[in-house]
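Colleague: Mind looking at a prediction? Sequence and model below.
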Number of protein chains: 2
Amino acid sequence: MPIAILPKHYTDLIAFKRESGTLSSISALVSWDQETYMPTAGAKARAEQSSLLAGIIHERNTSSKLGDLIAQCEADTDLNDESTPEGANIREMRRDYDLATKLPTDLVKNLARAQSQAQEAWKHARANNDFPSFINDLTKVLDLTREKGECYGYPEGGEVYDALINEYEPDTTAKEIEAVFTPLRDRLSVFIADLAANGTPPKVDFLHRSIPVEKQHAFGQAITAQLGFDYNAGRLDTTTHPFCSGFGPGDTRMTTRYEPTNFPDAVGSTMHECGHGLYEQGLPKGGELFGTPLASAVSLGIHESQSRMWENMVGRGRPFWNWALPVANEHFDGAFDDIDLDTFVKSVNTCAPSFIRVESDESTYNLHVMLRFELERAMIAGDLAIKDLPDAWNSKFKSFLGLDVPDDARGCLQDVHWSFGLVGYFPTYTLGNLYAAQMWETINETIPDIDEQMAVGDFNALLAWLRENIHQHGRRYSAAQLCHRATGKPLEADPLIRHLERRVKPAYNM
Amino acid sequence: MPIAILPKHYTDLIAFKRESGTLSSISALVSWDQETYMPTAGAKARAEQSSLLAGIIHERNTSSKLGDLIAQCEADTDLNDESTPEGANIREMRRDYDLATKLPTDLVKNLARAQSQAQEAWKHARANNDFPSFINDLTKVLDLTREKGECYGYPEGGEVYDALINEYEPDTTAKEIEAVFTPLRDRLSVFIADLAANGTPPKVDFLHRSIPVEKQHAFGQAITAQLGFDYNAGRLDTTTHPFCSGFGPGDTRMTTRYEPTNFPDAVGSTMHECGHGLYEQGLPKGGELFGTPLASAVSLGIHESQSRMWENMVGRGRPFWNWALPVANEHFDGAFDDIDLDTFVKSVNTCAPSFIRVESDESTYNLHVMLRFELERAMIAGDLAIKDLPDAWNSKFKSFLGLDVPDDARGCLQDVHWSFGLVGYFPTYTLGNLYAAQMWETINETIPDIDEQMAVGDFNALLAWLRENIHQHGRRYSAAQLCHRATGKPLEADPLIRHLERRVKPAYNM
């Protein structure tokens, strides 16, 4: 039952959060400008700007005024029903407030210092392939990260790793993730071995033809506009590391990167960020709710499901390229005029085990992620000593991907995450792929002619389904609830496996 | 005598102002992005960002903490000697604090509301050439602006207009301005009439040859880099209304505009903004002083002197074009290869009375400004009724520029300033020209071969003089003191007249 007149403590709470949201949107602009247009000499002053804003925002997020307003709303029986939008909003504001206030100031400071030191140590260790020099600093960060998890707390029967996941994928436990990762891992290993043994790798050399960067940019803008990204309410710029930042109502900034001789890389990263961008544009930020959980993304996993769906399910499919290949040839002066559609589609669906996660293909990527999940979970639980990480990494890598890791730089030292204390973050990448694949099956059932639509460049029905089932809800439901509501099932491994088999096997003539 | 160890109340004050400066630099980025890259749909949220930041900054600028620190420093006999940098810094912080705190909140709110209404009324009145419909709103804004001036206060024997000037050109009175404007006006009128009667206007048609905008941009970057603008610490972007914003240490953003068939317009506006940019880059923001008066521009008039010097004294001169014309031909595929240097230089030094200030030439521009100065001073003093403004405008225009104003849209309704309550602002434009001309004479005496240097694209000695005599001082001295220190004389009309005669008469074969 909708609440006819909202009480003052709730509207005050919304107004307070909206102002915090406005401050965060300023902070997002400051970061975006740093990556896009800031001159190099501006870096020092920019760090002062960012840190000043972070301080102001943290003060608001931990203020007793905010805590009091939340408590008043929780005590209000007209409001505290979680099945209503207001009740869900209050529940999520409580979650954020607790996360912001539960850590002792000393721990926050010690962790910041340890992270900063560990990052320098990590850079050095990776450059010199010298894991032992990194052990002390990594140990310190992981100890403090574990302490952070203990401060957050976790439900009985759980583990401290759950408390860490909760920052990125709320209401999800390591056991739940394990339940879906284990079958995925086993079946992926078989699938990849089968491709290697029995498939014929597709031709890919033509993908490296030289395409001027400006033309790649114009093509990227053209296809993302067609996917549904509203350029009156957003932009696409260029950065070294692509990202998407939803500043607030009417302003979503995507960035991508271009290499003259790697056109599919830009397409992949642009469509990936566009998936994030469409989610940000679909969140209900327009009204009074901006800055509150109802207008915010539910989890990293769901955010990633949107980017992965447009990048992979759409962007590596035959229907998409049926429309997009002629568009590309138009933009690129016929650079691929001699390549037929089937040959082209096969070329963007390769599968080849390799050492570096961020360069890996759609299938093996998940094995890279699951390996990290298992190792970080063991390290946080105290079941794996930091000094034993390289051996554990290498033996798992052999078992998952069938390759002998040549050195730690191409092994356990390749990612920045752990030196930052980002533990519980990795699994959200594969959760995103899993959510995307499961939604994709439902979408194909709900819109039976979706392939025909995409083949003529019509993505309206697909976007409408995502708006309706995912975007509009913000954080009203948890990721798991959202998945169940949208697909009728809890998260499973099968849809992703089925998707990869349908997509990659034909590329290998299997 | 330098103060060996600065007391805590002074270092606390500096740190407080530095943090305010950082907040202002964020606000400057927010405005810059709004004009350069913000998507249109972001406007509403952007207004919220700007207003939130303005509120936070205003709260700091009027806080009792700041007032107490200033008072403590003023009471400290080791600090309060204005001849020291610290003493000057404290004097200027007092000025800012008083300006920020002297206005009653009600007046600030009423003025904001009246400005907003008057702007809408002005847009309508200008579009419909309907001055009577603007009278009420303009009267209200000017009444409140007068009240603002009364709140600020002014020295005995002065007038309320002095208090308004003080916001833009501190320590300058209407009488002082009048003393230099009156001879300038009289001599300019004679000069312009003489040109019209006895001169041959130069050829200008070739200036409208079509030059692609990207090439104009590359040329603009090339010449401003040569003038000395540090692109590691700044940028040049495109906006409808060009401006320059010195965010803070290491980050100065200039913008300009391009028309395919009006290349000199872009050169003028780019060199103008570069003058502002070089001043911002030359202010001592690098150390702890950022955010304090010592690291800030002294006045609008001095800021404008920098832009005008590079735009006019340098940018319309034969030496500059001796170097720049071949560079332009290189960038523009020889677009002006058939134009000899003398013909080109003449073409950018025309003088022709016209109705619109922002489209006027270097000579007549000052008459437009002086007319506004006399009229706004009379309106604020109550000597000119608002309803009589059109007649007063038109008769002064005839007397100054010899033209009959055809309608109010091309007359007293052309500028946005008065509807904003920006009274006392106009004279700073011509003060800038006067300061620039007077400095220019000193520079030519101090660097006798400056023409030879500029003719080969060497602007180092010129920039070094400006850094030494103007930029480095921030607000340590008033504009008048700075002028006297740099040129050995108080501000006079003669140098500007001499400059225009030397520059424009030859263009008219006189």
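Modeller: Received the coordinates, thanks. Residues are numbered from 1 along each chain as shown, chains lettered A, B, ... in the order given.

Colleague: Quick one: residues contacting A:Asp361.
Modeller: A:Asp361 makes contact with A:350-352, according to Cβ atoms under 8 Å, 6 or more residues apart in numbering or on different chains. C-beta coordinates here come from the backbone N, C-alpha and C atoms, glycine included.

Colleague: cutoff 10 Å now
Modeller: A:192, A:316, A:348-354, A:500, A:504 (Cβ atoms under 10 Å, 6 or more residues apart in numbering or on different chains).

Colleague: repeat for A:Thr62
Modeller: So A:Thr62 contacts A:97, A:99-103, A:105 (Cβ under 10 Å, 6+ apart).

Colleague: Of these, which are in range of chain B?
Modeller: When contact is defined as Cβ under 10 Å from any Cβ of the partner chain, the contacts of A:Thr62 do not meet chain B at all.

Colleague: What about those, which are in strands?
Modeller: The members of the contacts of A:Thr62 all map outside strands under DSSP state E.

Colleague: And the contacts of A:Asp361, which of them are buried?
Modeller: Buried members of these, counted by 16 or more other Cβ atoms under 10 Å in any protein chain shown: A:192, A:316, A:348-351, A:353, A:500, A:504.

Colleague: TSV for these, including distance to chain B?
Modeller: Converted to TSV, the buried ones among the contacts of A:Asp361 look like this (distance: Cβ to the nearest Cβ, whole Å):
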residue	distance to chain B
A:Ile192	42
A:Arg316	29
A:Val348	30
A:Asn349	34
A:Thr350	36
A:Cys351	38
A:Pro353	41
A:Leu500	36
A:Val504	37
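
Colleague: Pick out whichever of those residues sits closest to B:Asp449.
Modeller: The shortest gap between B:Asp449 and any of these belongs to A:Val348, at 64.1 Å (Cβ to Cβ).

Colleague: Show me what counts as buried in stretch A:134-154.
Modeller: Buried residues in stretch A:134-154 (16+ other Cβ under 10 Å): A:134, A:137-149, A:152, A:154.

Colleague: Quick one: neighbours of A:Val204, just the number.
Modeller: For A:Val204, the neighbour count with other Cβ atoms under 10 Å in any protein chain shown is 15.

Colleague: What of A:Asp451?
Modeller: Neighbourhood size, A:Asp451 [other Cβ under 10 Å]: 14.

Colleague: name the element the residue nearest to it when sequence neighbours are not counted belongs to?
Modeller: Spatially, and ignoring its direct neighbours in sequence, A:Asp451 is nearest to A:Pro319 (4.4 Å; Cβ to Cβ, 6 or more residues apart in numbering or on different chains). Using DSSP states H and E, A:Pro319 falls within helix A:318-331.

Colleague: So which elements touch that helix?
Modeller: Judged by 3 or more Cβ pairs under 10 Å, 6 or more residues apart in numbering or on different chains; DSSP states H and E, helix A:318-331 is in contact with helix A:213-227, helix A:263-282, helix A:341-347, helix A:450-455.

Colleague: which one of those helices lies closest to A:Leu422?
Modeller: Using Cβ to Cβ, the nearest of the helices and strands packed on helix A:318-331 to A:Leu422 is helix A:263-282, at 18.1 Å.

Colleague: by contact count, what packs against the closest one?
Modeller: Applying 3+ Cβ pairs under 10 Å, 6+ apart, we find helix A:263-282 packed against helix A:213-227, strand A:234-238, strand A:244-248, strand A:251-256, helix A:300-308, helix A:318-331, helix A:460-469.

Colleague: Which among these is found nearest to A:Pro202?
Modeller: Closest to A:Pro202 of those is helix A:318-331 (Cβ to Cβ; 13.1 Å).

Colleague: quick check: mean pLDDT across that closest one?
Modeller: Helix A:318-331 shows a mean pLDDT of 98.

Colleague: so where's the stretch 1-150 of chain A shaky on pLDDT?
Modeller: A:1-4 (pLDDT under 70).

Colleague: same thing but at 90, please
Modeller: By pLDDT under 90, the weakly predicted segments of the stretch 1-150 of chain A are A:1-5, A:80, A:105, A:109, A:112, A:116.

Colleague: which residues touch A:Trp321?
Modeller: Counting by Cβ under 10 Å, 6+ apart, A:Trp321 touches A:267, A:315, A:327-328, A:336, A:341-342, A:344-345, A:347-348, A:454-455.

Colleague: Repeat the analysis, applying 8 Å as the threshold.
Modeller: Shown in contact with A:Trp321 (Cβ under 8 Å, 6+ apart): A:341, A:344-345, A:348.

Colleague: now do A:Ala436
Modeller: Counting by Cβ under 8 Å, 6+ apart, A:Ala436 makes contact with A:304-306, A:308-309, A:312-313, A:496.
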